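> No letters, just coordinates:
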């Protein structure tokens, strides 16, 4: 079992409050990702769950037991850090089995658990190597294997892929996803990379300045952001946000053309639309016009940056097969079902 509850948890460093009353229920076997900008409190919250940071107020409950005041060794959790922290003079086999050895486990049991973890992580050919003879991705797998042999109640990952290059990050994302499917153990994962969050998580917890901005599945957060912060943090490239208003049953864009809007929903101050949902056409068509300033060709896709005057520069994602010239006048159409509206307070309307 690996159900974890956070009940109004807070963290203070003297007079500075960094975690501001968080309530969260994590189900057994769930893959939860804490995501947010630097300084939002995601690593601090993870360390509080692991017992590496004291909880100032509130309670942390693991499988129905309050572990708030228990040391890390009593919680049955295992952490994988950004730093591999492997012993350089030990083989992979010895690194992975070290915690069991220090706990006094029998040699046969250690060998069995190390071999099983090596099989899951495809490390069998590397068991007799030392860390200096392996790539960064292999070292990170050894660090994960060291956690697996302990059979923890839950795994806590603190930005484990940030030291790897882009290709290795993709490879390790796949490894971690397979690992979760194989072990079916609760995993809590911290990252600032929303692509990792979208591809790995069962649910994402978006943190903003020590508070939860929104919790939901990747699809929920992408399609139904609760506020402007979540709307622009989730999704790559980020959502376009344009100033707007509403009158006489229609939303209005400065220097553009609006369409029907239900004022009973509230007064919109911002219109959001994702780059891939905008349709480029001839000038004079659609909701606003602009001039192409920059085209970024990426092969399968292109990003077309259109200067729409008082509305600012709008990023449009189109097929890489389309060709658009800098200086070209274009019209931008916003499909009504793809629009997001936010009030002056930034909350979704």
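That came in fine, so what should we check first? Since the structure is predicted, the reported quantities are computational estimates derived from the model, not experimental observations. Numbering: from 1, shown residues only.
> which residue ranges form the strands in the stretch 1-150 of the chain?
Ranges of strands within the stretch 1-150 of the chain are 4-13, 16-26, 31-35, 57-62, 65-66, 77-80, based on DSSP state E, counting those that start in this stretch.
> Average pLDDT for the longest one, rounded please.
I take that to be strand 16-26. The pLDDT scores in strand 16-26 average 96.
> Counting by contacts, list what it packs against.
Helices and strands touching strand 16-26, by 3 or more CB pairs under 8 Å, 6 or more residues apart in numbering; DSSP states H and E, are strand 4-13, helix 42-50, strand 211-216. C-beta coordinates here come from the backbone N, C-alpha and C atoms, glycine included.
> how about 10 Å then?
Packed against strand 16-26 by the contact rule (3 or more CB pairs under 10 Å, 6 or more residues apart in numbering; DSSP states H and E) you find strand 4-13, strand 31-35, helix 42-50, strand 57-62, strand 186-191, strand 203-208, strand 211-216.
> quick one, it and strand 186-191 angle?
Here strand 16-26 runs at an angle of 140 degrees relative to strand 186-191 (axes from the mean of the first three to the mean of the last three CA atoms, to 10 degrees).
> Show the contacting residues for residue 51.
60, 67-75, 77, 79, 156 (CB atoms under 10 Å, 6 or more residues apart in numbering).
> and if you look at residue 300?
Here residue 300 is in contact with 319, 320, 321 (CB under 10 Å, 6+ apart).
> Most neighbours of all these, which one?
In terms of neighbours by other CB atoms under 10 Å, the contacts of residue 300 top out with residue 320 at 11 neighbours.
> where does residue 183 land on pLDDT?
Looking at residue 183, its pLDDT reads 87.
> That one against residue 148, yeah?
Yes - counting by CB atoms under 10 Å, residue 148 is a contact partner of residue 183 at 7.3 Å.
> Please identify which of these two sits among more neighbours.
residue 148 (24 against 15).
> one step back: filter the contacts of residue 51 to the buried ones?
60, 67, 68, 72, 75, 77, 79, 156 (16 or more other CB atoms under 10 Å).
> pLDDT at the fourth one, what is it?
When you say that, I think you mean residue 72. Value listed for residue 72 in the pLDDT field: 91.
> and if you look at the fifth one?
Per-residue confidence for residue 75 comes out at a pLDDT of 92.
> residues contacting it?
With contact taken as CB under 10 Å, 6+ apart, residue 75 is in contact with 4, 49, 50, 51, 60, 62, 65, 67, 152, 153, 154, 156.
> In these, which has the lowest confidence score?
Where pLDDT dips furthest among the contacts of residue 75: residue 152, at 88.
> residues near that residue, how many?
19.
> That one and residue 52: what is the separation?
Look at residue 152 and residue 52: by CB to CB, to the nearest Å, they are 14 Å apart.
> same check, this time on residue 113
In terms of CB to CB, residue 113 sits 24 Å off from residue 52.
> Please say which of these two ends up with more neighbours.
residue 113 (19 against 16).
> Report pLDDT for that one.
90.
> so what's it closest to, chain neighbours aside?
Counting by CB to CB, 6 or more residues apart in numbering, residue 149 is the residue found nearest to residue 113 once chain neighbours are left out, at 4.3 Å.
> I'd assumed residue 94 was in contact with that neighbour.
No - the pair residue 149 / residue 94 is not scored as a contact, 11.7 Å apart, by CB under 10 Å.
> List of residues touching the longest helix along the chain?
In the chain, with assignment by DSSP state H, the single longest helix is helix 166-183. With contacts defined as CB under 10 Å, 6+ apart, helix 166-183 is touched by 29-31, 80, 117, 120-122, 135-138, 140-141, 144-145, 148, 151-152, 155, 157, 160-165, 185-187, 189, 193, 195-196, 199-200, 202.
> tell me which residues of the host helix or strand of residue 302 are tucked away?
Residue 302 is part of strand 301-307, with elements assigned from DSSP states H and E. Buried residues in strand 301-307, counted by 16+ other CB under 10 Å: 302, 303, 304, 305, 306.
> With distance to residue 106 as added columns, please give these in CSV.
Below are those laid out as CSV (distance: CB to CB, whole Å):
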residue, distance to residue 106
302, 61
303, 58
304, 64
305, 64
306, 68
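> what two of those have the greatest distance between them?
302 and 306 (12.2 Å; CB to CB).
> and residue 37, how many neighbours does it have?
Neighbour count of residue 37, defined by other CB under 10 Å: 13.
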